[in-house]
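Peer 1: got a predicted model here, sequence first, then my questions.
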Amino acid sequence: MKRSAFVQLACIPVWLVSSVAANGQSVGQLYFDSTVTVTPYSVHLNTYAEVDYVTANYYDLTSQTWFYQDYTQINYQSVTTSNTGYSADFYTTPTPGHWYQGGSEETLTAYYEEYVYSTINYDYEWEWYDPFSYDLLENPNPPPEDPVFYDEVWAPGYYQLVPAGIILALSWDGDGTEVPILTGITVSGTQVPGGSGSVTLYGSYLTTRNAGLGVVNVGGGIAVTGYPSNSSTYPWSITFTYQIPGGVSPGNYGVTVTTAWGQSNPMTFTVSAPPTLRVTSDSQVVSQNQTVYITPGPPPHMPVIQASLLGTVSGTVTYSLTLQYNATLLLPQQTIPANQTWTAPSGFYGGQATLSWSYNGVVEPTFTFEILGQNPTVSAATSALQSTGFWFAPNIGFHETNMQQFCQPAGVAYCSNSANTGLPVFGPPNGYGIMQLDPPPSTDAVFNWQTNINGAQTLLQALAGPIQYGTGGQAYPFWIRQVKQWQDFNAIHSPQVPPPNDQPESSYCTFTLSPAPAPTYTTPNTGQGQRYWFGDAILMKQYAGATTNYISFIQGQTSGNWSESQANSVRPDIAYEFCTCLAQSTCQHSGSSSPTN
Amino acid sequence: MKKLLQCGIVTMLVLPVAFGQLYLITGSTTSKYNTGFSTSLLAVGSDGSVKINQELAPANPGTEWIAVSHDARKALILPKDPDDHNIVFDFETVSTIKSCQRPATVNLLLVNQWLINDPVRGLIFAEYLGGVNDQTDQFRGMIMDASVPCNLSFVKLMAEDLKYFVSNGSAGVADTGATDFMYSAIDSDGSLNRKWLTGDRTYFGYQVPRDLMAGVEQPNVTISVNNQDILSLELYDGLRPNDARLLVLRKGDNTWHSIPAPSGHVSTERGFGSFVALYEGRVKNSNAPESAGSPEWRQKATKTGPSVADRFRMWRETYPGILHLYNVATEKYYTITTNQGDSEIILVDNNTVYYRVSDRLYSAAITDSGLDPAKLLATSEIIRDAHWAFYKH
């Protein structure tokens, strides 16, 4: 801001003192978007000063600096010429170098804002002239199509009689009537069908709020919101958000701004085609609805599922893989750069797979496929079960599923439905896989036969229990306690309670107190000749979920006795059934409806 | 959780002893089962309400053993592994006064357990731990006195310490509660003793008169009740275990008495001061295929107790629902006929007997002439699982 201009302006009151009769204060409220009625014979000089805004912000085009003025510091003066009856109001500021213009940024009207900008610029060009020369405009609201000047520009020191009762408004006879001009465009967001983001347009005359709201037009049916912006700055720019409908065809679309004064030149907004998704399984391309397989090995192998976007892409892509099998498994969502390859989380899982993905926030059509499993050979599964340390683990595998982790046609009951072929063998209430782990300890145990067997080994070990204290009911310490209680009972009772009878469970195994050749009652012993200690029969029943144990020593008030209970909640003699299952062909059911023990 | 369980049809809602609070303790030990039940304290209101006052041990993992000493007015609750805390509940403060983590044992398993009333250390929870894998058997105790910190509470016991055992008999019927008795040998001179697998022998300091042993060829003894007033035992011939003699020592004057035998055989004994409660039983056979009152039995297990129907079905005896009460001090005999196998006497306090019939709690005053008419105190599903009681005066 030029100090000289202020000095010159400050001279005006001096001039007025000698030429204008005092006529009292004429308090103006020349808000541009309001009206004011001036009284007869009042003289409005430097009308700017009558704007009693509290603050103003304006921008100096030359210095490209924002200025701020506190209008509460304005000094008011009023001069009335006695001989002519004219009066003049004028004001000075205690802060040289600042102009008093405009109003608060929130209340200043667009037109006036333009005026401010232009005026400052104008001031530089018109050094001596009062930069705040005004024209008076009738009925500015609604905005005039073309300003109708009530009078001409006032030169410094010039005053004008204003008829009484007329509605006046302030106008500038230049800017604010120009057709918008676009000079640039920037886009932040996704420019594919379904995408959204924001656009900033740069140019001139984009905001003419005095003349009504401008309109942004984007071709292709692209919706625009968030315009007009109330934060127009120089160089003028406007920002708005856009939403590209899903059906918009890729291509270039014009963007224009239309104000009361016309439509701008167009800028180009490009809608790109969405990228193409490529899904692979172990590097082999997978097509929609294709089935991929977990291979049995050993070791079993989960196919490596990967996805990538073809073509030139930018931004990010988010992948989310959902598996549906009895329950829904939602794998963690991952967002990666769009030009990178996504690899599905490690681990074994399967079922109906749905890969959801979104490109730069735009949800794209899902990709569906199926992950099924293939069974190990019987010998491979048997070998793995034999290594668990529990001699009857293979028997359980044959009994429960015939060593099938996944359904095969004509398999167990659940598998009789062909729709379940390739899915993990399921048995109610919640058993899965070869060993029918109920409940399965992990998803892996459902889809990885080795994990399933490992889970069975862990379960058997937990059910067998450590040899300590023994009140938790684990099979081995439980059995040892029974033996000790029996021995303790016999130490003082006569006649003694005999040892429990050997309990043959088919020709394949006999449970006994003392399996040969080790006659130790309290040591887990798998014996020879199909003779096993009762601890294993107890463990078998516990694995099958029974709440009563296979055998226990009952210490009654006047008697002691061995109590045997072969049944679990489902089968009359589950130990018998396990024992018979050296292979599927030898498996026998207990109970009257099947070959019995 | 405090929950009003039920306020059922109550014919008489006035507690006979109106100067205190009657509490019940639920619980069903499951040392032979792979399941567990909650042990809870119930408060019986004078209006017939039954409210859970506090849970003493959760249903998971359940309890291995529960025993009470009415003399010491304490209960010992032994949760199952993996809960390794021994819990001491006090009747006077109506609270758990001690909960000590027991030292881990390796190659030592719990074979049996009792309470002992040690003359120096007071009430002790005693464990007989059986050794395996070359580990020798041993006794371990936990001092139940709350003033002794846990780290000083676990002590090694000697076989001779077991002479101070106390027992309260069996709670519940058909394996629905818990047992608390001591097997004993009896020498030819009538001395009661216990031989252990360690080779040690514990003499209990009691001698059964020879005349009471006459005719028993292979004597076996189970000491059901041993409290400060009486020692009650079943003496039976090993060749005829269902034909037991019921003998009781009145400690006040050190005299032995035969308890009049009821018809059938005594299935269960339980002691309350100078009273011995007896339940008639029958060996399950075609003549006595089922206990009385089966339509009332609970079919499904709950959090606080098992399926009563299942337990009766598996149990080797049947019960006609006839309870006896013998006062050793006065040598008077009382009989309560409930016609319900699932019946038991759970407390004798201040000359009043409290007994449970299925899901109903009754009381009856004990007089010189017999029992007064029973009063129904409360009806509630959870009463089925209440096998212990005490009065807080």
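Peer 2: Received the coordinates, thanks.

Peer 1: any idea how far A:T270 lies from A:G221?
Peer 2: 15 Å (Cβ to Cβ, to the nearest Å). Using the backbone N, CA and C atoms, a C-beta is placed for each residue, glycine as well.

Peer 1: give me the pLDDT for the residue in the stretch 151-300 of chain A positioned nearest to chain B.
Peer 2: Minimum separation of the stretch 151-300 of chain A from chain B (Cβ to the nearest Cβ) falls at A:P300, amounting to 32.4 Å. For A:P300, the model assigns a pLDDT of 97.

Peer 1: that one reaches A:Q450, doesn't it?
Peer 2: Yes - with contact defined as Cβ atoms under 8 Å, A:P300 reaches A:Q450; the gap is 5.7 Å.

Peer 1: name the SS class of B:Y23, please.
Peer 2: strand (DSSP: H, G, I helix; E, B strand; the rest coil).

Peer 1: how about it, what does it touch?
Peer 2: Residues near B:Y23 by Cβ atoms under 8 Å, 6 or more residues apart in numbering or on different chains: B:L41, B:L42, B:A43, B:V44, B:N53, B:F91, B:V94, B:A389, B:F390, B:Y391, B:K392.

Peer 1: give me the beta-bridge partners of it?
Peer 2: B:A43, B:F390 (DSSP bridges).

Peer 1: likewise A:L323?
Peer 2: Bridge pairing for A:L323 - DSSP bridges - gives A:L329, A:A353.

Peer 1: and it, how close does it get to chain B?
Peer 2: To chain B, A:L323 is 32 Å away according to Cβ to the nearest Cβ, to the nearest Å.

Peer 1: count the neighbours of that residue for me.
Peer 2: As a burial measure, A:L323 scores 19 neighbours (other Cβ atoms under 10 Å in any protein chain shown).

Peer 1: what comes up buried for stretch A:375-390?
Peer 2: A:N375, A:P376, A:V378, A:A380, A:A381, A:T382, A:A384, A:L385, A:T388, A:F390 (16 or more other Cβ atoms under 10 Å in any protein chain shown).

Peer 1: the residues you listed also near chain B: which ones?
Peer 2: Counting by Cβ under 8 Å from any Cβ of the partner chain, nothing from the buried residues of stretch A:375-390 sits close to chain B.

Peer 1: would you map out the domains in chain A?
Peer 2: Domain assignment for chain A by automatic domain parsing gives A:3-171, A:181-271, A:276-373, A:378-464, A:475-586.

Peer 1: which of those has the lowest mean pLDDT?
Peer 2: domain A:3-171 - the lowest mean pLDDT of the domains of chain A, at a mean of 32.

Peer 1: quick one: A:P504 is in a helix?
Peer 2: No - counting by three-state DSSP, A:P504 falls outside a helix, being strand.

Peer 1: going by secondary structure, B:M142 is in what exactly?
Peer 2: If you go by DSSP states H and E, B:M142 is part of strand B:138-143.

Peer 1: what does that strand contact?
Peer 2: Outside strand B:138-143, the residues that reach it (Cβ under 8 Å, 6+ apart) are B:86, B:100, B:102-103, B:108, B:116, B:118, B:121-129, B:131, B:152-159, B:161-162, B:198.

Peer 1: show me those that map onto helices.
Peer 2: Using DSSP state H, no member of the contacts of strand B:138-143 sits in helices.

Peer 1: quick one: buried ones out of those residues?
Peer 2: For the contacts of strand B:138-143, buried by 16+ other Cβ under 10 Å: B:86, B:100, B:102, B:108, B:116, B:118, B:121, B:123-129, B:131, B:153-155, B:157, B:159, B:161-162.
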